[in-house]
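J.: Next comes the sequence, and after it the predicted model I'd like to discuss.
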Amino acid sequence: MTSGGNATSTKTDMPSVEEVLEKYVAALKSGNADQYAALFTEDAVFMAPGRPALFGRQAIWEALRNFFQSATEELEPAMENVSVAGGWAFAHGTFSLTVVPNDGSGRDYKQGKFLWIFERHGRGPWKIARYLWNYDQRHENSGQRPSSQGKQS
């Protein structure tokens, strides 16, 4: 992970932003909508592929609470760049994602990219203010995790 552009950062900002990512991954895996939503600002905007944008922490919580009733997600993110400018931080990277249905049916594997914009007031914690992500390929049917010995189709 690198710091980029003309933005300023401190050594304490980078681990704090990375900590949000770790908490995000844990909340997805555990299916905890409360922990998940707590990572966002009150006026956050969440933009997922093929869905209307969600506005506000409450809307994000409701959507994830409903999602977690049927599945959880195993996320493997790779943050590629973090830039910090005052009370704002910007991070982007790639991810591998496995959707794990609660009923034990087939898993869905996807890869993609993300962009996070964080906000912090004073010395408070970083919170996700804007979150945008998409897939590397169009996913109309369940994807299968590519084997380590074969090519992706």
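T.: Received the coordinates, thanks.
J.: which stretches of the protein have low pLDDT?
T.: For the chain, residues meeting the criterion pLDDT under 70 lie at 1-15, 138-153.
J.: for it, which helix is longest?
T.: Counting by DSSP state H, the longest helix found in the chain is helix 13-30.
J.: Now the element after that one, going C-ward?
T.: Of the helices and strands lying after helix 13-30 in sequence (DSSP states H and E), the nearest is helix 33-37.
J.: Next secondary structure after that following helix?
T.: Next along the chain after helix 33-37, taking DSSP H and E as the criterion, comes strand 40-47.
J.: Show me what that next one is in contact with.
T.: Strand 40-47 is contacted from outside by 53-57, 59-60, 63, 119, 127-133, using C-beta atoms under 8 Å, 6 or more residues apart in numbering. C-betas here are computed from N, CA, C, even on glycine.
J.: Highest neighbour count among those residues?
T.: I128 (25 neighbours; other C-beta atoms under 10 Å).
J.: hang on, that residue packs against V20?
T.: Yes - with contacts counted by C-beta atoms under 8 Å, I128 reaches V20, the gap being 6.7 Å.
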